[in-house]
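*Asks:* The following block contains a protein sequence and its predicted model.
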Amino acid sequence: MTVDGGNYGDNTDVRPPAADELSSGGFFRIGSGRRRDGREPLKLTLDGVFFVDGGFAGPNQLGAWDQVVAARETYLALAALAREAGETADAQADFFAHVQQLSGLTGGEPRTGYALPPPRRPHPTRSGPDQESIRNYQQQRVARMALMLWESRGDAGAIAVIAAWQNAPGPEPRRL
């Protein structure tokens with residue numbers, strides 16, 4: 001599962017365990033070192049955990065905290081701009097020009113929402129998450145979502161949906 005809610009895979013690559021891979025009792029086996037076949041055991045690492053109340057705990061080495069906070073800020077900023085855009089054609093055109101710029105697209109791409117290529121995901125550096133790359137990635141992602149709404153609902157419909165993002169921001173994220 002990714003920070004922005006996407007999933008990798010669909011379990012079609014999962015097979016039942018072979019006879020020599022079956023557990024010999026208990027819910028799971030705790031052990032250390034290599035498996036009998038010489039392969040390293042699987043290790044699950046959590047970058048952090050968000051709780052329902054907005055609390056976050058974890059090392060944030062991959063930028064989970066930064067991704068969620070940047071996405072939330074972008075949603076709320078676009079919602080505020082959509083509310084200001086009002087109902088005039090010029091203000092709506094200005095709003096969508098801003099969204100187009102924020103999306104990282106040049107404007108030469110066809111206006112077909114699902115054909116929009118996703119922006120490149122930022123990769124963590126040795127010194128930790130690259131804050132600027134994360135912010136840019138989330139701005140592009142949210143702006144492209146707004147462009148898809150624009151395509152499917154038109155100017156006024158998209159403005160109304162984007163403005164409503166202000167009404168459901170979720171809990172304020174905070175580090176524990």
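*Replies:* Right, received. Where do you want to start?

*Asks:* The lengthiest helix in the chain packs against which elements?
*Replies:* If you go by DSSP state H, the chain has its longest helix at helix 131-164. Helix 131-164 sits against helix 64-85, helix 89-102, with contacts defined as 3 or more C-beta pairs under 8 Å, 6 or more residues apart in numbering; DSSP states H and E. Using the backbone N, CA and C atoms, a C-beta is placed for each residue, glycine as well.

*Asks:* Of all the ones you listed, which one comes closest to residue 134?
*Replies:* In terms of C-beta to C-beta, the element of these nearest to residue 134 is helix 64-85, at 4.7 Å.

*Asks:* Can you spell out which helices and strands pack onto that closest one?
*Replies:* Using 3+ C-beta pairs under 8 Å, 6+ apart, the elements in contact with helix 64-85 are strand 55-57, helix 89-102, helix 131-164.

*Asks:* deepest of these, which one?
*Replies:* helix 131-164 (a mean of 19; mean count of other C-beta atoms under 10 Å).

*Asks:* I'd like the next helix or strand past that helix.
*Replies:* Going down the chain from helix 131-164, the next helix or strand is strand 174-175, by DSSP states H and E.

*Asks:* Relative to that next one, what are the paired strands and their orientations?
*Replies:* According to DSSP bridges, strand 174-175 forms sheet pairs with strand 55-57 (parallel).

*Asks:* what's the strand it pairs with in contact with?
*Replies:* Defining contact as C-beta atoms under 8 Å, 6 or more residues apart in numbering, one finds that strand 55-57 is touched by 48, 49, 50, 51, 64, 65, 68, 173, 174, 175, 176.

*Asks:* try 10 Å this time
*Replies:* Under the criterion C-beta atoms under 10 Å, 6 or more residues apart in numbering, residues 46, 48-51, 64-65, 68-69, 171-176 lie in contact with strand 55-57.

*Asks:* List just the nearest of these to residue 148.
*Replies:* Once C-beta to C-beta is applied, the member of the contacts of strand 55-57 that ends up nearest residue 148 is residue 68, at 20.8 Å.

*Asks:* so the closest one touches residue 138, yeah?
*Replies:* Yes. At 8.8 Å, residue 68 and residue 138 qualify as touching, with contact defined as C-beta atoms under 10 Å.

*Asks:* tilt between the longest helix of the chain and helix 89-102?
*Replies:* Interaxial angle of helix 131-164 relative to helix 89-102 (axes from the mean of the first three to the mean of the last three C-alpha atoms, to 10 degrees): 150 degrees.

*Asks:* low-confidence ranges in this protein?
*Replies:* For the chain, the stretches with pLDDT under 70 are 1-36, 107-125.
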